[in-house]
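**Q** Whatever this is, show me its structure:
(chains A and B)
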2 protein chains.
Amino acid sequence: MNTRKYVLSENDMPRQWYNIVADLPTPMLPVLHPGTKQPITPDDLAPIFPMEIIKQEASQERWIDIPEQVLDIYRLWRPAPLYRARNLEKVLDTPAKIYYKYEGVSPAGSHKPNTAVAQAYYNKIEGVKRITTETGAGQWGSALSLACTFFGIECKVYMVRVSFEQKPYRRSMIMNWGASVIPSPSDQTEAGRRILAQNPDTTGSLGIAISEAVEEAVSRDDTKYSLGSVLNHVLLHQTIIGLEAQKQMELAGDYPDIVIGCVGGGSNFGGIAFPFLRDKFQGKKVHAIAVEPHACPTITRGHFAYDFGDTAQMTPLMAMYTLGHSFIPPGIHAGGLRYHGMAPLISHLVREKQIEPRAYHQLEVFEAALMFSRSEGIIPAPESSHAIRGAIDEALKAKAEGTSKTILFNLSGHGHFDMSAYDAFLAGKLQDYALPEEELDKAYSVIQHHPPISA
Amino acid sequence: MNTRKYVLSENDMPRQWYNIVADLPTPMLPVLHPGTKQPITPDDLAPIFPMEIIKQEASQERWIDIPEQVLDIYRLWRPAPLYRARNLEKVLDTPAKIYYKYEGVSPAGSHKPNTAVAQAYYNKIEGVKRITTETGAGQWGSALSLACTFFGIECKVYMVRVSFEQKPYRRSMIMNWGASVIPSPSDQTEAGRRILAQNPDTTGSLGIAISEAVEEAVSRDDTKYSLGSVLNHVLLHQTIIGLEAQKQMELAGDYPDIVIGCVGGGSNFGGIAFPFLRDKFQGKKVHAIAVEPHACPTITRGHFAYDFGDTAQMTPLMAMYTLGHSFIPPGIHAGGLRYHGMAPLISHLVREKQIEPRAYHQLEVFEAALMFSRSEGIIPAPESSHAIRGAIDEALKAKAEGTSKTILFNLSGHGHFDMSAYDAFLAGKLQDYALPEEELDKAYSVIQHHPPISA
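**A** Residues are numbered from 1 along each chain as shown, chains lettered A, B, ... in the order given. Okay, the predicted model is just below:
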């Protein structure tokens, strides 16, 4: 028997997102205003987000209705399929059952449109005409560009310069859907000009690009800002992944012992894991593993502290695992995982030992990716391949122990725009990065004066 | 109301392919042995194809069972969705209804795996260990590589040199799935060496690459050859597209007045159109349009004649529309449509006026592609965008006439590996090609001594 696909009908598509805040065993620390260091208010956020998003960001409601117009666009590619990877199981000769949810079926090729469409919608109904955002490798920028074309909103994307130059095809995709895209740092913002003055040859970073996009939104009345990960409302929108997966696991007559996702800012992991963590809070045995790269070890080697989401220190201060807001990770090919911080929700749950943090090196991740594409067919994104590595390791552990485990992971996107990374891997040109302790200490030292968090 | 998706359950997936040969109003001309000029026998084909494929090539049976193991792999991405493109209709402000079948959901991103999987299967059960093939832009090579990895067959792809160099990412995909790929012409075959000796700087062509792949299959006992278009059995395997579409149109409560596909060798067009042409032969009103590029105008300006499928004149002689087997078309970005010949089945039906042949220029095709991706989200392959142009023109015609028409087209693949073409288009760097009559006459003159066909 080959790999099997479990499909939901459109009628079975979830009509509400799940807000894990309602069920947290312990409360989260408040987000602080960067100036006053006091808990942030809706008014503080009003210049950059529409009010419905601000409400969701602070919501304590367990279930939040997905608007009809958002469902209507979701239906273009959702419900997304869930597969049992029997071919991969065979190759591994494991007693474990491996399932994966596949989010690469969206037009942008990843899970990102799940929140991009929702955010574009809430901006549209509040009359917003323009949205700015940043993008690293381009997954988020392309998703928001797609969402904005559906709603007729102008979209401007600040793209990290090194990706703008080295990953031209996601840039093309963004332009294809009608958004404008410029390399960051740019001369169009104060933050950008300041950084260019200091270092004209900088490759840029996600933290810098966020600063530029936020600055433009704050300084123009017709413009809001949109973020593709990290924040509560973004993870909320992504829970449709896990809610669908729960129904599909039921179709398969199974339930996962282990749920795995890769983490950069945390949105695809939160999306698949939160509905299962809800079960866990109610006593169900399920083990969640968040996988990040050793080259950007936020939850495995970072500190839990108040830090900024961006380099220019414009965003609110969030209590999260962080490597320091000016940390620039080595140039691994999983560009979407190169972020200094981590979603406060996921940081909180890692700190509370509800989620296991794990890191992998680049080469073992690409080995897993190749094994997957040769058994299952789909060529995975380097980011998602971190989750594949995790699933393979858990399946091999089950084999060694002679126990059967049910493993579910999120295949958050395809690798069609990452073939140069595969070329480099097949040619033996990729390398691993072991970050020395001193380098991490130095990066972290920039936030030593932020409000302290007791252990 | 937005664009709607019509999904079949796996249980509704067709379990037989449709063989249009059984229903042709007039008989086709026989395929001839290139040496004897006599009708070809199964024994003639045995060195290059497994016997089951040879039987299908000559079959008169209307319905041919799809083997269970092939269905099992089809289920990884099939049934493929059918959409009603309401967003595009809105942009065009047309009374016409536009439906499209989307084949880009396969791991290789096009319809090609529908036949690649079937061909790999029939080779596997006859004990074949190696398969050779050719590829232009790489759609077919990647599909066969994917199919061979599922069945554990070694695969070698001769890739047209200019594509090998300019389209590195489909090459990467082929390697990712474990096949070997070399630029053609190569020094590994007599045909390749002969052409390199005459012209060391040649860019190669599909006709040359076919010669090399066939030569290697003929000269090795453990190796067979596989072709991705043109032949009867290939078009047979693709009919699952149209058979699914018929069921989905029924779900939508509709039936197409017009069915449109792009044509290079003819396989995706045959796949969607043949089941509807069956209805037409039984009296139903349905108009089929086959769209090709002006830069390779096989059915709009070629001649119906006996010609070879390859440049080195190794294949049987087929009665088809052809530009002459040594014709090398201009370097348009729809690489999959750059073939000198046309499937004998489609050629026959064009000649019998059952199919309308139509040609478009490159720029109008890319305009249509951009309009489509900005309204429907999916970024289409340049090849498939010829069908989009056709559908848009028919919808605009309906608008001008004030009549409602139901249009169905085949979106045979996505354009994720063609972003450089979109970049060139957006930068105003693409051009149209108007081929002078003399150039076509000269190309055609090479076949003046082939067996004549009376008008």
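**Q** got the residue ranges for the helices in the stretch 351-455 of chain A?
**A** Using DSSP state H, counting those that start in this stretch, the helices found in the stretch 351-455 of chain A span residues A:362-376, A:382-401, A:419-426, A:437-444.
**Q** what stretches of the stretch 301-450 of chain A score poorly on pLDDT?
**A** Under the criterion pLDDT under 70, no range of the stretch 301-450 of chain A is flagged.
**Q** Alongside chain B, which residues does it contribute?
**A** The stretch 301-450 of chain A has residues A:370, A:373-379, A:416-417, A:419-420, A:422-423, A:426 near chain B, with proximity defined as CB under 8 Å from any CB of the partner chain. In this view, the C-beta of every residue, glycine as well, is placed from N, C-alpha and C.
**Q** Restricted to buried residues, select these in ChimeraX.
**A** Only the buried entries of these go into this ChimeraX selection, using 16 or more other CB atoms under 10 Å in any protein chain shown:
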select /A:370,373,374,375,376,377,378,379,416,417,419,422,423
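**Q** count of neighbours near A:H294?
**A** 20 (other CB atoms under 10 Å in any protein chain shown).
**Q** List the residues that contact A:D432.
**A** A:D432 makes contacts with A:294-295, A:361-363, as judged by CB atoms under 8 Å, 6 or more residues apart in numbering or on different chains.
**Q** Identify the farthest-apart pair in the residues you listed.
**A** A:A295 and A:L363 (11.3 Å; CB to CB).
**Q** Tell me which of these two has more neighbours.
**A** A:A295 (22 against 13).
**Q** Wait, a strand at the more buried one?
**A** No: looking at A:A295 with DSSP: H, G, I helix; E, B strand; the rest coil, it is coil, so not inside a strand.
**Q** distance of it from A:G141?
**A** For A:A295, the distance to A:G141 equals 22 Å [CB to CB, to the nearest Å].
**Q** for A:V105, same thing?
**A** Taking CB to CB, one finds A:V105 at 19 Å from A:G141.
**Q** picking up where we left off before, out of the residues of the stretch 301-450 of chain A next to chain B, which one sits closest to A:T189?
**A** A:F417 (26.8 Å).
**Q** Give me the nearest residue to A:K55, chain neighbours excluded.
**A** A:P42 (7.5 Å; CB to CB, 6 or more residues apart in numbering or on different chains).
**Q** Which parts of the stretch 51-200 of chain A are strands?
**A** Under the criterion DSSP state E, counting those that start in this stretch, the stretch 51-200 of chain A contains strands at A:63-65, A:82-84, A:97-102, A:130-135, A:154-160, A:180-184.
**Q** out of these, which comes closest to B:V286?
**A** The nearest among the strands of the stretch 51-200 of chain A, by CB to CB, is strand A:97-102 at 35.1 Å.
**Q** Now the closest one - C-alpha only, CSV.
**A** C-alpha atoms of strand A:97-102 as CSV (Å, rounded to 0.1, in the frame of the first residue of the first chain):
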residue,chain,number,x,y,z
LYS,A,97,3.2,5.8,11.4
ILE,A,98,4.2,9.2,9.8
TYR,A,99,1.5,11.7,8.8
TYR,A,100,2.0,15.1,7.3
LYS,A,101,-0.2,18.0,6.6
TYR,A,102,0.7,19.7,3.3
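**Q** helices or strands up against it?
**A** strand A:82-84, helix A:86-92, helix A:240-251, helix A:382-401, strand A:406-411 (3 or more CB pairs under 8 Å, 6 or more residues apart in numbering or on different chains; DSSP states H and E).
**Q** how about the spatially most central residue of chain A, phi and psi?
**A** Residue closest to the mean C-alpha point of chain A, counted by CA atoms, centre = their mean, is A:S267 at 3.5 Å. Backbone torsions for A:S267, taken as degrees, to the nearest 10, come to phi -80, psi -40.
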